[in-house]
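Peer 1: output the structure for:
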Amino acid sequence: MTDAFFDLTQAKARYCYTLDARDWAGFAALMTEDIELDVSEGTGVPVVHGRDAAVDMIRSSLTNARSAHQVHTPLIEVDGDQARVVWAMQDRVVWENGPALTGYGHYHERWVRGEDGWKLAALRLTRLIMEFQSAD
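Peer 2: Next comes the predicted model:
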């Protein structure tokens, strides 16, 4: 296992952990200032540009919700200080007094390595399955 592979998998693990723990400062620290976040598929949410806007959009979408995000089987291509990664993903989001979502798909990402490690520069979520259940 290469150092880049290990470091990228650790960074993505931190992404999932800080997201589900609602550690917004830790979550933001994993991103570049100019990140492009595209979760529009299946949501209609427009593409977001910039770390603050990305964190705000995700925070607001998870208000009054509990979540669990999991990623696995990464396809990682490293070229110097750039990496492209595709992760298989599953998420479970349960909104208070609302529906629950179990989703499956892929994160398509671009990471850049700087002095303080790997940072997420672009993320596009593609969904294969979205299952909604009522709160009852």
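
Peer 1: could you identify the longest strand within this protein?
Peer 2: Ranked by residue count, the top strand of the chain under DSSP state E comes out as strand 117-133.

Peer 1: now do that one, average pLDDT.
Peer 2: Computed over strand 117-133, the mean pLDDT rounds to 98.

Peer 1: just checking, what packs against the longest helix along the chain?
Peer 2: Counting by DSSP state H, the longest helix found in the chain is helix 3-21. Helix 3-21 sits against helix 24-28, strand 65-79, strand 82-95, strand 100-114, strand 117-133, with contacts defined as 3 or more C-beta pairs under 8 Å, 6 or more residues apart in numbering; DSSP states H and E. For glycine as for every other residue, the C-beta is placed from the backbone atoms N, C-alpha and C.

Peer 1: one more time with 7 Å
Peer 2: Contacts defined by 3 or more C-beta pairs under 7 Å, 6 or more residues apart in numbering; DSSP states H and E place helix 3-21 against helix 24-28, strand 65-79, strand 82-95, strand 117-133.

Peer 1: got the ones you listed as CSV, with distance to Arg51 and mean neighbour count columns?
Peer 2: Shown next, in CSV, are the helices and strands packed on helix 3-21 (distance: least, C-beta to C-beta, whole Å; neighbours: other C-beta atoms under 10 Å):
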stretch, distance to Arg51, mean neighbour count
helix 24-28, 6, 15
strand 65-79, 18, 14
strand 82-95, 18, 18
strand 117-133, 9, 16
